[in-house]
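**Student:** pasting the structure only:
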């Protein structure tokens, strides 16, 4: 059995939770930040898709789908392509809105597929390879994969809390 | 490499997030439910520890640490030992309070250790074994492990949002 299979299964659960949450809201509710320091469901799904896209594309040595597959044009956000999501001020986070929930689902689906395809293809002996020397200890492929799955999953839990704050259920 | 190693690493990150969150709050803040449908950080850590404890103890064929190691007495909650955390009403959830944050850390640590020891010991060919026929499809050890890691990690993200709601940072 592949050492990434349980991570694939965990990512599936995060995606299901995001979609189940989004399906309970209309697009205006999804775009709503309940507090300046609590992100919208739209932001949380967009960020998770983008985080997976940027991290896994880098592991593959490819350009992210955000620019290479034209997701930046489809979203047309008033933010630069290299915006640092995780450092967003409330004002920047509020710019992440969509007109159609399907766009969020489609980008998340593309990013999850990219991730799962990579996790299915990566070999065990590649996991120990150092890919970023700028941290102590240096970051290996395994560390980057785990941090990506963890980030996706913890944000899926936050989406449930944002939903409860916005629609009170 | 063991097929559970990435799940172990993911669980470590969830635990770190819980502890980092708890360390930013005093015990009264940790016990605070910001809304009736948003749990306290105390509840989230207690539930995560208990969920890991109950799920993994069952996979091992053991009684949970909650009763066998006396955590029920240490917490002394006004709730039965078989309380169904995930179905808690706001009134039940509000009963989950502690006088000392260290108790939360200790129970979480015991439950994470139980889980990691099990994940290190479980063999690949045991992962496909059906352990619960009452669901369709039937639940295997692998499914139960993934659902436990996912539940812990998504709740760690929720703890961050509860903290932001309670202490505004």
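**Tutor:** The structure has been received and is ready for your questions. Not measured: the values here are computed from a predicted model.

**Student:** flag every residue of chain A that's near chain B.
**Tutor:** A:1-7, A:9-10, A:13-14, A:17, A:35, A:37-38, A:124, A:127, A:142-143, A:145-147, A:149-150, A:153-158, A:160-162, A:164-165, A:168-169 (CB under 8 Å from any CB of the partner chain). For the C-beta atoms, the positions are set from N, CA and C on the backbone; glycine is no exception.

**Student:** can you say which of those residues are buried?
**Tutor:** A:3-7, A:9-10, A:13-14, A:17, A:38, A:127, A:142-143, A:145-147, A:149-150, A:153-158, A:160-162, A:164-165 (16 or more other CB atoms under 10 Å in any protein chain shown).

**Student:** among these, which lie within helices?
**Tutor:** A:5-7, A:9-10, A:13-14, A:17, A:142-143, A:145-147, A:149-150, A:153-158, A:160-162, A:164-165 (DSSP state H).

**Student:** need the residue closest to the centroid of chain A.
**Tutor:** residue A:48 (1.3 Å; CA atoms, centre = their mean).

**Student:** now that one: how far from residue A:163?
**Tutor:** Using CB to CB, to the nearest Å, we find residue A:48 at a distance of 15 Å from residue A:163.

**Student:** swap in residue A:86?
**Tutor:** Counting by CB to CB, the gap from residue A:86 to residue A:163 is 21 Å.

**Student:** which residues in chain A form strands?
**Tutor:** A:130-132, A:139-140 (DSSP state E).

**Student:** can I get those strands in TSV with mean pLDDT and mean neighbour count?
**Tutor:** Below are the strands of chain A laid out as TSV (pLDDT from 0 to 100; neighbours: other CB atoms under 10 Å in any protein chain shown):
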stretch	mean pLDDT	mean neighbour count
strand A:130-132	94	13
strand A:139-140	95	16
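
**Student:** mind putting those strands into a markdown table with distance to residue B:134?
**Tutor:** Below are those laid out as a markdown table (distance: least, CB to CB, whole Å):
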| stretch | distance to residue B:134 |
| --- | --- |
| strand A:130-132 | 43 |
| strand A:139-140 | 40 |
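
**Student:** can you tell me the distance between the two ends of stretch A:70-78?
**Tutor:** 15 Å (CA to CA, to the nearest Å).

**Student:** give the buried residues for it.
**Tutor:** Quick answer for stretch A:70-78 (16+ other CB under 10 Å): A:71-72, A:75.

**Student:** show me the residues you listed that map onto helices.
**Tutor:** A:71-72, A:75.

**Student:** between the residues you listed, which is closest to residue A:43?
**Tutor:** Closest approach to residue A:43 among these (CB to CB): residue A:75, at 11.6 Å.

**Student:** contacting residues for the closest one?
**Tutor:** Counting by CB atoms under 8 Å, 6 or more residues apart in numbering or on different chains, residue A:75 touches A:46, A:98, A:103, A:107.

**Student:** any idea how far chain B is from it?
**Tutor:** Distance of residue A:75 to chain B, given as CB to the nearest CB, to the nearest Å: 23 Å.

**Student:** one more: residue A:28?
**Tutor:** 20 Å.

**Student:** same deal with residue A:51?
**Tutor:** Residue A:51 is 13 Å from chain B, by CB to the nearest CB.

**Student:** and for that residue, the neighbour number?
**Tutor:** Neighbour count for residue A:51, taken as other CB atoms under 10 Å in any protein chain shown: 19.

**Student:** find me the pLDDT at it, would you?
**Tutor:** Here, the pLDDT recorded for residue A:51 equals 98.

**Student:** contact partners for it?
**Tutor:** So residue A:51 contacts A:85-86, A:148, A:151-152 (CB under 8 Å, 6+ apart).

**Student:** need phi/psi at the nearest residue to residue A:165 once chain neighbours are set aside.
**Tutor:** Nearest in space to residue A:165, with sequence neighbours left out and distances taken as CB to CB, 6 or more residues apart in numbering or on different chains, is residue A:34 at 3.7 Å. Taking degrees, to the nearest 10, you get phi -70, psi -30 for the backbone angles of residue A:34.

**Student:** just the pLDDT for residue A:34.
**Tutor:** On the pLDDT scale, residue A:34 is placed at 98.

**Student:** could you check how far it is from residue B:168?
**Tutor:** 13 Å.

**Student:** what about the residue nearest to residue A:165, neighbour count?
**Tutor:** 19.

**Student:** I'd assumed residue A:163 was in contact with it.
**Tutor:** No. Here residue A:34 lies out of contact with residue A:163, judged by CB atoms under 8 Å, at a distance of 9.2 Å.
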